[in-house]
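Q: What follows is a predicted structure for the sequence shown.
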Amino acid sequence: MCKHFYYFLIALFISSSFANDSQTLAFPDQTALKDVIISPECKAFFKAIGEHDTKNPQINYDKQVLSEKSGHNLNDLGNYHGCVSNASYTFFVMQIGYIPQNVSGFVGLCSPHYCNASDWSNETTWLQNIIPTIGGPNLSNLSFTIIDPMDLSVHMDAATFIVVILIAVLISLTLISTFCYNSLAHKTKQPGRLEGSHYTQLADSQLSGTTTPLMILGRYPSGVSSLTSDKDDGVRIEREEIPTTFFTGILQSFDISRNFDEVTGKEERADRDRTMQLWDGVKAFSLFYVVIGNVFLLSNTSKNAPAALYFAQKSWFFLGVSGAAYAIDLFFFVSGFLGAFHLFGLLKGMPFGLLNLFRVYFHRFIRLWPTYIFVLLVFWKVAPFMTSGPIWFQFVNFSQSCDGSWWKNLLFLDNIFPGPVNQHCMIWGLSAPIDFQMFLTLPFIVWIYNKDREYGKTALWLMIVGGIIASYSFAIQSNLPFTVQIDPPPNVNDIFNEFVSNPLIHYAPYFIGAYAGLLYKNYKNGESNFYSWIAHNRVSGYIISFVGLALLICFIFPLPRTEQIGTYIWPQSLVYFWASAGRPLIVICVWFFLLPSMTGYMKPIRNFLSWGIFKMFSSLVYPIYLVHFIVILYITSSDSQFSEFSVVRKMYFTLTVLIVSFVWAAILHLLVEKPFIALERGMMAERKERFCLQGLTDSASIVKV
């Protein structure tokens, strides 16, 4: 269904990025070859390719090298290292497309040094050997591109050195801060962090106007994203023995030991709502789903591409993999849920003015932007120099898409400006600006809900229904196709700009999550609503949960299966309906499945989703999400040969990507994400008392003494 189209667009972006700075030609007319200037040596070599033997021993040897070290099948790169180790030969990569079958791939070419890329663009004899391997009877519908992997047109500039200096500064600041802050804490009789301390309750009135030596720590209101941690549910006061100056504040923010304790869960609050911990597992599973989907997306560059194509057209497992596109909307659902849940108490306890609204937005912006921009800069200006290889141009061309659009990402507006798909910088990170853009509306909705429940519910339903109508409208406007199992539509850029990157498409899942979060907050405060009905009617709760699970499985597997095997072609009107209603239905099914666990029973599911390993992944979901695609690109682009496609091999590859991404995400969290969150706390805190308002309840705050 249209969920597959998400993967089609990224695959199209990958393939369209390869042709930068290369010689791209349709297969030449034979009569035109007379006018092409080719060196005499190369012309003699091309002529000899079609002959059994020649009297020139050098040409015979060059033919032998061409045969032994070049690829002979689609996505066969040959012997790259064996070719480039000899200065007399140059390695080219030929990108081949056979239009009627919608098949494309790469073939390695070990060429004598006297033949350049332009010469090979007009050579036909060698291609005759390749055509049968891609199912083509002739050359009439063949297109190809000759790429020189050594000519990447990537050069170090001032921006590269600035990014390297920035990395060095962050590493140095982290190491110095860790050493200095712990030295200062060690000099005091009582350490800066209290181990094994207990919690007490204080009424809000007891905090008002109080001047104490205590320092209130935690997070300012975030409207917590599903890509972030929601571990701070209340105000936390921690004894601070070190004087809270600007200098010590910076040291504390970059202290890696404190930040590491949070990642590992050592500073987990004892009173944290255990039911809310199940969202750790939901976020972790959504992340795993996204990674698996993107790993299998790159199956089109496997050595045995026909097996990958068969997998996409016939396999049940592919349906589950392609369903990973819905994991993005599940992220948005959880983001809306946690955001509304925490903002409810916050906005009820403070005046709704421009300054407070700015603080809410600023915290959300800081929570997402520094990590996002840091990853972008490293991907754009540093990563292209990390290695080389026959297909490293894939990575380079991907990074060069940032050359003309980096400023859009800087402003979190990349998805707003229309443009060709292959000119969007860090396209897999579009969820971050979309999440922030949707969050801009959330404080107003929650504030209305606080003032008048009926008006608030009306506003939420308007956003949900409006998002569905907008999705339907944009699907019609962009003539959205059904699945990827079709030739690329000519209006692919319009589809991307008007539908895929449009935040209105994701409004329904996001505000369904916000509505569920507000209802759950009211339920936790003792009000009777849908959650309390589920809690008191366990049989109905079990039925709703299992119905939600059954529908979820149906939406991911049997429903698209009808089109995958060609037994039923969906009417276009039904395609448009699913494009608008599919995402909301998926997240509602997940919500229904979790309802009993959220209201006190089905504890095995709650305990499993609250498992410690998921808590750790939950803290790193956002940086893992940003870096995992770079890891996939790096591993696949730095190889000297494509691997064979198999489900088992891809699952092992997925595990590798997760482990490597986790390591880099932990480093990113400790160097950038967590320190900037801590710095933002201090910027927004008052001079004498620093209040973390995230999750502030109506009557009490958690105080650490």
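A: Alright, I've got the coordinates. Numbers count the residues shown, from 1 in each chain.
Q: what sits up against stretch 276-284?
A: 226-227, 230, 233, 330-331, 334, 337-338, 341, 590, 594, 597-598, 605-606, 608-611, 613-615, 617-618, 621 (C-beta atoms under 8 Å, 6 or more residues apart in numbering). For every residue, glycine as well, the C-beta is placed using N, CA and C.
Q: Then stretch 452-471?
A: By C-beta under 8 Å, 6+ apart, stretch 452-471 touches 441, 444-446, 448-450, 499, 502, 504-508, 510-512, 514-515, 518, 579-581, 583-584.
Q: And the contacts of stretch 276-284, which of them are buried?
A: Neighbour-count burial (16 or more other C-beta atoms under 10 Å) is assigned, among the contacts of stretch 276-284, to 226-227, 230, 233, 330-331, 334, 337-338, 341, 590, 594, 597-598, 605-606, 609-610, 614-615, 617-618, 621.
Q: Restricted to strands, list the contacts of stretch 276-284.
A: Using DSSP state E, no member of the contacts of stretch 276-284 sits in strands.
Q: for this structure, what spans make up the strands?
A: 23-26, 89-98, 103-112, 142-147, 199-203, 214-217, 236-239, 700-704.
Q: buried stuff in stretch 579-591?
A: Those would be 579-580, 582-591, for stretch 579-591 by 16+ other C-beta under 10 Å.
Q: Sort out which of the residues you listed are in helices and list them.
A: Among those, the ones falling in helices (DSSP state H) are 579-580, 582-591.
Q: Tell me who's in contact with L357.
A: P443.
Q: gap between it and L440?
A: The gap separating L357 from L440 is 10 Å, by C-beta to C-beta, to the nearest Å.
Q: hang on, the earlier thing: farthest pair in the buried residues of stretch 579-591?
A: Using C-beta to C-beta, the pair of the buried residues of stretch 579-591 lying farthest apart is A579 and W591, separated by 20.7 Å.
Q: Centre-most residue in this structure?
A: Residue closest to the mean C-alpha point of the chain, counted by C-alpha atoms, centre = their mean, is Y625 at 4.2 Å.
Q: show me the contacts for F511.
A: 336, 445, 460, 463-464, 467.
Q: Make a markdown table out of the buried residues of stretch 579-591 and add distance to M156 and pLDDT.
A: Shown next, in a markdown table, are the buried residues of stretch 579-591 (distance: C-beta to C-beta, whole Å; pLDDT from 0 to 100):
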| residue | distance to M156 | pLDDT |
| --- | --- | --- |
| A579 | 44 | 83 |
| S580 | 47 | 88 |
| G582 | 46 | 89 |
| R583 | 43 | 91 |
| P584 | 47 | 95 |
| L585 | 50 | 94 |
| I586 | 45 | 93 |
| V587 | 45 | 95 |
| I588 | 50 | 96 |
| C589 | 50 | 95 |
| V590 | 46 | 95 |
| W591 | 50 | 96 |
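Q: Just give the nearest non-adjacent residue to I328, would you?
A: S431 (5.7 Å; C-beta to C-beta, 6 or more residues apart in numbering).
Q: where do the helices sit along the stretch 201-350 of the chain?
A: Counting by DSSP state H, counting those that start in this stretch, one finds helices in the stretch 201-350 of the chain at the ranges 204-207, 246-253, 256-264, 278-297, 305-314, 316-322, 325-348.
Q: Could I get those in JSON lines, plus columns for distance to Q64?
A: Output for these, formatted as JSON lines (distance: least, C-beta to C-beta, whole Å):
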{"stretch": "helix 204-207", "distance to Q64": "83"}
{"stretch": "helix 246-253", "distance to Q64": "63"}
{"stretch": "helix 256-264", "distance to Q64": "56"}
{"stretch": "helix 278-297", "distance to Q64": "38"}
{"stretch": "helix 305-314", "distance to Q64": "27"}
{"stretch": "helix 316-322", "distance to Q64": "41"}
{"stretch": "helix 325-348", "distance to Q64": "48"}
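Q: and S388, which of these is closest to it?
A: helix 278-297 (23.1 Å).
Q: now the closest one: mean pLDDT?
A: In this model, helix 278-297 has a mean pLDDT of 90.
Q: CA atoms of that helix as PDB?
A: The C-alpha atoms that make up helix 278-297 are tabulated as PDB, following Å, rounded to 0.1, in the frame of the first residue of the first chain:
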ATOM      1  CA  LEU A 278       6.100   0.900  29.100                       C
ATOM      2  CA  TRP A 279       6.600   3.700  26.600                       C
ATOM      3  CA  ASP A 280      10.300   2.900  26.800                       C
ATOM      4  CA  GLY A 281       9.600  -0.400  25.200                       C
ATOM      5  CA  VAL A 282       7.200   1.100  22.600                       C
ATOM      6  CA  LYS A 283       9.900   3.600  21.500                       C
ATOM      7  CA  ALA A 284      12.500   0.900  21.500                       C
ATOM      8  CA  PHE A 285      10.400  -1.400  19.300                       C
ATOM      9  CA  SER A 286       9.500   1.400  17.000                       C
ATOM     10  CA  LEU A 287      13.200   2.200  16.600                       C
ATOM     11  CA  PHE A 288      14.100  -1.500  15.900                       C
ATOM     12  CA  TYR A 289      11.300  -1.500  13.300                       C
ATOM     13  CA  VAL A 290      12.600   1.600  11.500                       C
ATOM     14  CA  VAL A 291      16.200   0.200  11.400                       C
ATOM     15  CA  ILE A 292      15.000  -3.200  10.000                       C
ATOM     16  CA  GLY A 293      13.000  -1.400   7.400                       C
ATOM     17  CA  ASN A 294      15.900   0.800   6.200                       C
ATOM     18  CA  VAL A 295      18.300  -2.200   6.200                       C
ATOM     19  CA  PHE A 296      16.000  -4.200   3.900                       C
ATOM     20  CA  LEU A 297      15.400  -1.100   1.800                       C
END
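Q: how far out from the middle of the chain is it?
A: Centre-to-centre, helix 278-297 and its host chain are 10 Å apart (C-alpha atoms, centre = their mean, to the nearest Å).
Q: quick one: it to helix 325-348, angle?
A: Helix 278-297 runs at 150 degrees relative to helix 325-348, counting by axes from the mean of the first three to the mean of the last three C-alpha atoms, to 10 degrees.
Q: Tell me which residues touch the residue nearest to the centre of the chain, please.
A: Counted by C-beta under 8 Å, 6+ apart, Y625 has contacts 227, 287, 290, 429, 431.
Q: with these in mind, which one is nearest to I659?
A: When those are compared against I659 (criterion: C-beta to C-beta), the nearest one is L287, at 13.2 Å.
Q: just checking, the closest one touches I624?
A: Yes: contact between L287 and I624 holds when scored by C-beta atoms under 8 Å: they sit 6.0 Å apart.
Q: residues contacting S253?
A: Contacts of S253 (C-beta under 8 Å, 6+ apart): 177, 674-676, 678-679, 682.
Q: switch to 7 Å and redo it
A: The contact partners of S253, taken as C-beta atoms under 7 Å, 6 or more residues apart in numbering, are 675, 678-679.
Q: repeat for F45
A: Neighbour list for F45: 59, 62, 112, 115 [criterion: C-beta under 7 Å, 6+ apart].
Q: Spatially nearest residue to the last one, not counting backbone neighbours?
A: Take C115 and drop its neighbours on the chain: the residue closest to it by C-beta to C-beta, 6+ apart is C42, 4.1 Å away.
Q: what's the burial count for that neighbour?
A: C42 has 20 neighbours, counted by other C-beta atoms under 10 Å.
Q: Same question for L173.
A: L173: 16 neighbours (other C-beta under 10 Å).
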